[in-house]
Structure formats: C-alpha cells, structure tokens
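Q: Predicted model follows, preceded by the sequence.
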Amino acid sequence: MANSSLLQLEGDSRIAAASERLGMRRREFLQFCATVAASLGLPPGADAAVAEAVASKKRPSVIWLHFQECTGCTESMLRAEHPTLEKLILDVISLDYHETLFAAAGHQAEQARKTAMAANKGGYVLVVEGAIPTRDGGIYCKVGGQTAIELTKECAADAAAVIAIGSCASWGGMPATDPNPTGASGVAAVLGKPVVTIPGCPPNPYNFLSTVVHFLAFGNLPPVDDLGRPKFAYSRLIHESCERRAHFDAGRFAVEFGDEGHRKGYCLYKLGCKGPETYANCPTILFGDAGAGTWPVGCGCPCFGCSEQGVGFTKPLHMLAKVKNVEPPQQYPRIVEEKGMGATLGSAAILAAVAGAAAGGAAMVARNLGLSHKAEEAERVKAASSKTEA
Amino acid sequence: MSAQHDARPAPVGGSLFNAATLVCGVLMAVAATIIVVRLFFGLSSTTNVNDGYSWGIWVVVDVFIGSALACGGFCMALLVYIFNKGRYHPLVRPALLGSLFGYTLAGAAITFDLGRWWNFWHIFWPGYFNVNSVMFEVAACITLYIIVMWIEFSPVFLEKLGLHDARRKLEKVLFFFIALGVVLPMMHQASLGTMLVVMGSQVHPLWQTPIQPLLYLLSAIMLGYGVILFESCVAASAYRRQIELSLLNPMAKVMLGIIAVFLVVRFADVAVRGALPEAFRANHVALTFWVENACLLATFLLIGTVEARRNPARLFLAGITVMLGGILLRLNGFLIAFDTGPGWRYFPSVPELLVTIGIFAAEIFGYIYITRRFPVLPREEAYAQPARS
C-alpha cells in the first residue's frame, strides 16, 4: 500500500481491470473509493489504499445469516439508489452464503456454508441479520434443523469478524419489542462478547460497505463505541447535523402534521422526532441510500430512532425525545421584540398628578414655614424694640 | 453614642389613623396587588420594560434614586462620628430612620424587578458569586448595609421594649456597625455610578464618564443632607414642632460646600472630555442637563447666606432643589438620556408607576408609624430650651 495518491492510480492496470469487472468507468470507481474513505472519516491518502485494496485484494468470504427479520437490510443493499452499489458489494466481498440471494436451496445451501467456513477458517466475516430468539431454547427460528443460537455460535466460532447488521441483530430491534414473546436478542448478547453492530432499520448500505472495506483495506474493523457501533457512522446525534436544526434553535416547530410550520419545514421535535436522542449519520449520508434529500426528517417525517436501543420500537412515536445535548427552553424569545411604547394617557396623568400633588404639598409646606418664620421674626423685632424702649 | 442628655429622643405620640396614613395605606395595598400580579404573570404583564430598556423606574427610581435619597443616615453618621460633630446628634436617628426605610424598600423593590425572582438567593450563595460583577458588589453591599442599619437602629426598639441591658451591651460594639454603616454606602453608591459606566455608549456623553462613581458618591452625600433638610422641615410642619434651625443652618452650609465640589467636578469633567458642546444643542437632553444643574445652582440662590438659612421655608425649598438635582442626575443617566438604539422607547406603565408610588407611600407610612411610636425625633421640651439648660 505504498500509494497514497488516487491520481497515481489512474493508469494502474489493476484499477482498470477492477472497473471493467464492475461495469463502471474508471473515474466512477475511483470516486466510489474516495466516498468510502470519506464516509469512514479516514485521512487523505486512505482513498488510494481503499482503491488498491478493492482492486487487488482477495475478496473476503462472507457468511450472511438471516433470523428474525424482514430482510430489509438486504433489500436496502440490493436496491440502493446508486446502480453500481450492489455490484460493488457483491464484488468487494465473496458472499458464500446468503439465504435470500442463493440460487442453491436446502441441503445444498447448508453444504455451501460448511464448505466456505472450512475453506476460510479464521478468515471469513460473519454477518448476522435479524434478532435471535432465545426463549424456550431458541425454537422460534430454525434453519436446516438448527436453531438461530446454534447457527450463530457455530459460524462465529471461526469467524475473523462478526458484524450484526440492522437493529434486530444489534440489540433485538422490532422483534424484541415488549412483550417480546420469543425472547429476541442481539448477536452480542447471544455470543456473550461484543461484535460490530450496524443498527438501523435498515441501516445505510454505505455504513456496512465502509466497515467491510475498512476490514479489507487495513485488516481490522473500524473503531467502535461501547455498543459496537462504528464511530465513523454513529458518533453523532442525528440532531447535531440535522438540516432542520436551525429551526430547533430558533424555536420554530411543526406542532401538527400539515400545519403551517410543518409545511414550512420547521423542526419536527414537537411531533416526536427522536433525532435528539438517536446516534446515526442519516443527515449526512441520508437514509438507506434512497436518493437525494430522502431521509425521514427531510421528508417531514419525524425520526423514530430506529437505530437506538430504547428509542426505536420502544418509545411511542409522538413522545417528545429526551434531548441529549441541549434541552430547549420552555419559552423562546420572540423573533421580533417589542420595542416599547411611549407615555399613555393614564401613565402621563398619574405622573402629572404625583408631580402636581408634590409641588402643591411643597408649596403649602414652604408657605407655612415661611409664615411661621415671618411671625417669629416679627416677634423678635417686636421684642427687641420693646427691650430698647424699656 | 455620645451623651446627648439635652435632646434625648422621644416618641411623638398621637393617632396612627389620619388622612396621611389612610392615603398611604390605600397606595400600599394597590402596589401590593400589582406586585402579586407581576410575580405570577411576569414583568410584561405589568411593566413597559423591554429589551432596549431593561431597567425601568423600578430600578432607576426605586433603587438608584430611592437608595440615594436614603443617604441621610450615613451622611449624618459621617458628620457626627467621623468628623466628631456631636452637636448634630439629634438629627442622626430621624435621618437613620429615613435611610432604613429607603434601603429596605429598595432591596425589596429589586427583588420583584428580577425576571426570575425565585433565583434571587443566588447572589447570596457563594457558589453563584461573580466577584467581578458590579452588580454583585452593589447587591452584596446594599444587603449588608440594610442589615447593619437595622442593627444601628435597633437601640430605638430596645429602648421602647425596655431592654436596657441588651441595649447597653449592643452599644459597646455599636461603633463597629457605625463604621461599617459609613463605609458600605460609600462603596455601593459609587458602584451605582459604575453601572452607568458599564453601559457604554448607550449613555449620553454628558453622563457617560469614567468618574461617574465619584459623581454618584458626591451627589449621594449632598442628597443625604438635602433629604435631612426636607425631612426635618416636613416633620416640623406636619407634627407642628420646632425646627432644629441651629443644627440645620450649619449643616446646610456643609451641604453647599459639597454641592460646590460636585459642580466643579461635574463641569470640569464634561469640559475635559469635550462633551460641553452637547449641552448647547437644541434637544431635550441638553435641556434636562441644564435643569439638573440649575436645580443645584438654585440651592445657592436659596440658602447662600446665613440669614437665608435661618428661614425654614428656604431650607425646605433648598432641600427640594438638591433632591431634584440628584434625582435628575440618575434619571437622566439611566432613562432620559439613555439611548439603546433606534426604535426603542420606554415610559413607565400605570401599574409600574403605582408600585413606585406605593413604595414611597410605604416609606412615609413607616416613618409616621415609627416616629409616633418609637423614640426617634428629639424630645420637644428638651430641645425647645437648649440655651437655658
């Protein structure tokens, strides 16, 4: 990985071969690699490393298990807005077992999984999609006679990395909603050790792809937080980068669906938007790679916190979010402050009355004091004159 | 307290129910009602203060002017205890009484002018102290001074209640509180001027000066003496008592001296800063500047001579002109010549005015009650024949 410049790779034959294989133009391929590097938050130069790795490295074997889920995560991968993305995914990885995408069926399929596991022992990536039922010995989800618990444990034993894709696999997700009759749990809980989680319902395919590419390019998984979520995608609240954040700060809220504020694109916090307590990069790379500007909040639909345990599938949709960074005040300053008013008839009259009363009172006191002074002076003069007379 | 056997104070006596107390009572009740409304429904429900004029008359009149008018107590203490002019002693208690009410009500008034008044205790809580704030200095200082003043004044209550033992003990340490009672008001009266300084260019150049603290201190002292003149004359007139002319006459002279110093400093400052041309513009600011200073100059015309100072009517009017001068100095700086930008206006609302009137009514009522029931004013007979005793 000596190359640190994407430009130097322009003429590289491996790059040309890879782009031809993918049915992309060379420029598009390099752009894709730069996008992946950027969404991973990698330093400059890493894009070249990513391009080299994708073009020349042996594709990692991936075993993809499905349990209690809707296959939405896979769907969002395959129906990504960028037409080549699904090709890329399938080219970057060697998908050796995937129940939805397999042409094989039955024992043939199970055999393929076993073969791939044996061939890539210790080197394959296990991806789990869907929650794992744990109640009653895990009998509520079985594939080929094996329970989800057994399958997970068996496949995870020799995996180089385990990735839980989607909220169901991450922490139970929708199947784990109360009363959770099947005891649905996440992969980490079943394995008893932390795994990389890509929560979301569904998560953006780029978050998954970037994680895999990181593994491919650098041989390890990207840094994760204490819930196993890659930091490049889940370290910020949706609220932090939300395009409607300015409305939140200014106190402009949609209060009802379809009201004036809603039509003007005001903040959806008061409609129950969970952006302020949900960690995901939806506002920056949008939701599910579904097209320009399309993510729930962008369409006027409050975020329901699908990627956040304890929020999505748990909190009522229209319940106010617990704002994790800055709580909004009860009241906001008015946008146009009143600038005050001049004297009213009443206030001027009262002031005049007080001034008049004070002046009148003062005049009376002064007059009385003056009169008594005059009288005293006259008495003094009189006394003095009578003294001189005497 | 030095012995002043010839003029021991005594209660005036008489009924507490008369036209004056009745009117005061009504005004106080009106003000109390408005204050309750304000505390529950906010400043905007009662006042005209806005973002441009965040200080209305509740601050400027009730606190700035109210506390300045309450400087009589400290001015007399300054004269009697610091400059050792014991003969003025009979004037101390009535002056202190006026100060007591002025300051206590100013302190109360600031509480309901606070936007979030339920947080008022923050300023007394060490964790919340902002020791770099002028506001903190003023708040802490005024609070301390109110406490000190009640201690200074407490011999009156102890006398009335017959607790002579406690009184004797208190008087042994009273000198300490008297000293504090002189230092504290000098500190915060100057700081009230600093508040004008920190307002920056919003204050008109005729009042915006770095020596504003000095001007406020000097004007507070002259106001203190002016108020004593006023108060003595009104008390004499209302209670039909002798006027302490032999004391007021020389005290008025002291006051004139301070006014002279004030005027010299005031005009020198305006001239040095080059703001004098502002005083000759044809606008209301220049007019109010001249009215303010004309009031002070009028004092010299009224009581400039010893002979004139023997006339209580002139002393009374001089007290009023000095008070008007000091009041206008504060009113001009903070409201009349205060320009916070285009469009902002302020004039007190009716409820605002009624509360301020109610507070002054409370001071008058308190003065009447205390002087009639407690030994504050000099004993009439004892004072009437001081020359013969």
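A: Happy to help now that I have it. Everything quoted here is computed from the prediction, not taken from an experiment.

Q: Packing partners of the strand or helix carrying A:Asn368?
A: In this structure, A:Asn368 sits in helix A:345-389 according to DSSP states H and E. Under the contact definition 3 or more CB pairs under 8 Å, 6 or more residues apart in numbering or on different chains; DSSP states H and E, helix A:345-389 sits against helix B:212-239, helix B:312-331, helix B:350-373. All C-beta spots, glycine's among them, are computed from the backbone N, C-alpha and C.

Q: mind listing what A:Leu237 touches?
A: For A:Leu237, the contact set (CB atoms under 8 Å, 6 or more residues apart in numbering or on different chains) comprises A:275-279, A:324-325.

Q: err, A:Glu75, not the other one
A: The contact partners of A:Glu75, taken as CB under 8 Å, 6+ apart, are A:Pro202.

Q: Where does it sit, in terms of helix or strand?
A: Going by DSSP H and E, A:Glu75 is in helix A:72-78.

Q: What distance do you get for B:Ala275 to B:Val291?
A: In this view, B:Ala275 and B:Val291 are 17 Å apart by CB to CB, to the nearest Å.

Q: Kindly reformat the helices and strands packed on helix A:345-389 as CSV containing mean pLDDT, mean neighbour count and distance to B:Ala32.
A: Output for the helices and strands packed on helix A:345-389, formatted as CSV (pLDDT from 0 to 100; neighbours: other CB atoms under 10 Å in any protein chain shown; distance: least, CB to CB, whole Å):
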stretch, mean pLDDT, mean neighbour count, distance to B:Ala32
helix B:212-239, 91, 24, 25
helix B:312-331, 93, 25, 25
helix B:350-373, 92, 21, 7
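
Q: Quick one, which of the ones you listed gets closest to chain A.
A: Nearest of these to chain A, taken as CB to the nearest CB: helix B:312-331 at 3.5 Å.

Q: Run through the neighbouring helices and strands of that closest one.
A: Using 3+ CB pairs under 8 Å, 6+ apart, the elements in contact with helix B:312-331 are helix A:345-389, helix B:66-69, helix B:212-239, helix B:245-272, helix B:284-303.

Q: Out of those helices, which is closest to A:Val62?
A: helix B:212-239 (77.4 Å; CB to CB).

Q: how big is the angle separating that closest one from helix B:245-272?
A: 150 degrees (axes from the mean of the first three to the mean of the last three CA atoms, to 10 degrees).

Q: Chain B: which of the contacts of A:Leu237 is nearest?
A: A:Asn325 (23.3 Å).

Q: center of chain B - which residue?
A: B:Leu69 (1.7 Å; CA atoms, centre = their mean).

Q: how close does it get to B:Tyr88?
A: Distance from B:Leu69 to B:Tyr88, counting by CB to CB: 19 Å.

Q: Ok, A:Ala164 next?
A: 89 Å.

Q: Give me the more crowded residue out of these two.
A: Counted by other CB atoms under 10 Å in any protein chain shown, A:Ala164 and B:Tyr88 do not tie: A:Ala164 has more neighbours, with 30 against 23.

Q: How far off centre is the helix holding A:Glu75?
A: Relative to the chain's own centre, helix A:72-78 is displaced by 20 Å; criterion: CA atoms, centre = their mean, to the nearest Å.

Q: now do stretch A:382-390
A: On CA atoms, centre = their mean, the centre of stretch A:382-390 falls 105 Å from that of its chain.

Q: May I see the buried residues of it?
A: Within stretch A:382-390, no residue is scored as buried using 16 or more other CB atoms under 10 Å in any protein chain shown.

Q: Same check on stretch B:29-40?
A: B:30-31, B:34-35, B:38.

Q: any low-confidence regions in the stretch 51-200 of chain A?
A: Scanning the stretch 51-200 of chain A for pLDDT under 70 picks out A:80-90.

Q: Mind telling me what element the residue nearest to A:Val143 when sequence neighbours are not counted is part of?
A: Closest residue in space to A:Val143, ignoring its immediate chain neighbours: A:Leu151 at 6.1 Å, by CB to CB, 6 or more residues apart in numbering or on different chains. According to DSSP H and E, A:Leu151 maps onto helix A:148-157.
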